[in-house]
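S.K.: here you go, sequence then predicted model.
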Amino acid sequence: MHLALTGKQASKGEVPKTSRWAQLPGLCCQAAGGLEEWADDVTLAWLLFYSAADLMDSVQDQDEPDEWWREQGSGAALAAASGLYFTGSFLLDRLNHKAGTSPPASSVGAAFYQAFMVMTSGQYRDLIAPARTLEDYWRLAEAKSGAFFRLACLAGARLGTSDQVALSAYANYGMHLGLLIQVMDDLDDIRRLHDLVPTQFIGKIKGSLPFMYAMELSPSPARERLWVCLEASDQDRSAVNALVALLDECQAALYVMAEMEKQRGLALASLEQAGALEPYRDALAALVTDL
């Protein structure tokens, strides 16, 4: 499949926004037998922790700053991230003081802090030793996007049940959903290669699944051409075209699409294992199948 043909598939979600996933904790809570309002503080804490991590990642990766902190510099972004972390922690503490959420409060809080320890360690590894192989890619994806969505589903479900088999299944559902979203995001990045690549964006392409697959599976001469084309893609339009053509030649798109279907199947199988209640099961399944 030509990479240009994958645009319709990727654009269905069009780089899904985090707000779309804010329903995950509540849906998992209700699917596991809890009440919708039990997940309010967990949902907001999850979004605040994500926003904090995203800010810190932007500073660490030296991404283009958002307008609100461009003039004030990275110090403003880090200060805001610290405030978001502490606000999220305050919301998690409120679980201890509500009748419906006090029994699982400690385990929910532990799940949050464990997940973000995994995510920050993944970010650290990515900074000091960027992924070089497909195995590296999947390990980092699990430690970042996978862990984040795993947390949303595990924490929400824990508010509704203490059954370890069900909780493990909800956690796996979230993990595979997170990996699916990551892969779709990578494919969308490649799909946008129509013009010169911004210099700061080259590193993201290097770590994307299509590029990692092409580098690992292609013969040495093709790998060298891929690398040369990517390095020149911020100044040479023909290098961008050659890069896309090389990715097409090694069928990177087919591999990525196959991995997307694999993650969809694993997510749906985990949801089935969780024994989720209707209609919440259908809503959770739709989050996977509609991507």
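M.R.: Looks like it arrived, so ask away. Residues are numbered from 1 along each chain as shown.
S.K.: show me what the lengthiest helix in the chain is packed against.
M.R.: The longest helix of the chain (DSSP state H) is helix 164-191. Helix 164-191 is packed against helix 7-11, helix 24-31, helix 134-141, helix 147-158, helix 202-206, helix 209-217, helix 252-274, helix 280-289, with contacts defined by 3 or more C-beta pairs under 8 Å, 6 or more residues apart in numbering; DSSP states H and E. For the C-beta atoms, the positions are set from N, CA and C on the backbone; glycine is no exception.
S.K.: ok, now with 6 Å
M.R.: Packing partners of helix 164-191 (3 or more C-beta pairs under 6 Å, 6 or more residues apart in numbering; DSSP states H and E): helix 7-11, helix 147-158, helix 209-217, helix 252-274.
S.K.: and Asp61, how far from Gly203?
M.R.: Computed as C-beta to C-beta, to the nearest Å, the Asp61 to Gly203 distance reads 7 Å.
S.K.: just Ala169 next, same as before
M.R.: Separation of Ala169 from Gly203 (C-beta to C-beta) stands at 36 Å.
S.K.: who has more neighbours, those two?
M.R.: Ala169 (23 against 14; other C-beta atoms under 10 Å).
S.K.: does the more buried one touch Gln273 like I think?
M.R.: Yes: here Ala169 lies in contact with Gln273, judged by C-beta atoms under 6 Å, at a distance of 4.1 Å.
S.K.: what residues does the residue nearest the centre of the chain make contact with?
M.R.: Nearest to the mean C-alpha position of the chain, by C-alpha atoms, centre = their mean, lies Ser145 at 2.9 Å. Counting by C-beta atoms under 6 Å, 6 or more residues apart in numbering, Ser145 touches 178, 182.
S.K.: sec struct for it, please.
M.R.: Following DSSP: H, G, I helix; E, B strand; the rest coil, Ser145 is assigned to helix.
S.K.: go on, Gly33?
M.R.: coil.
S.K.: not counting sequence-adjacent ones, nearest residue to it?
M.R.: Distances taken as C-beta to C-beta, 6 or more residues apart in numbering place Gly160 nearest to Gly33, at 4.3 Å, with adjacent residues excluded.
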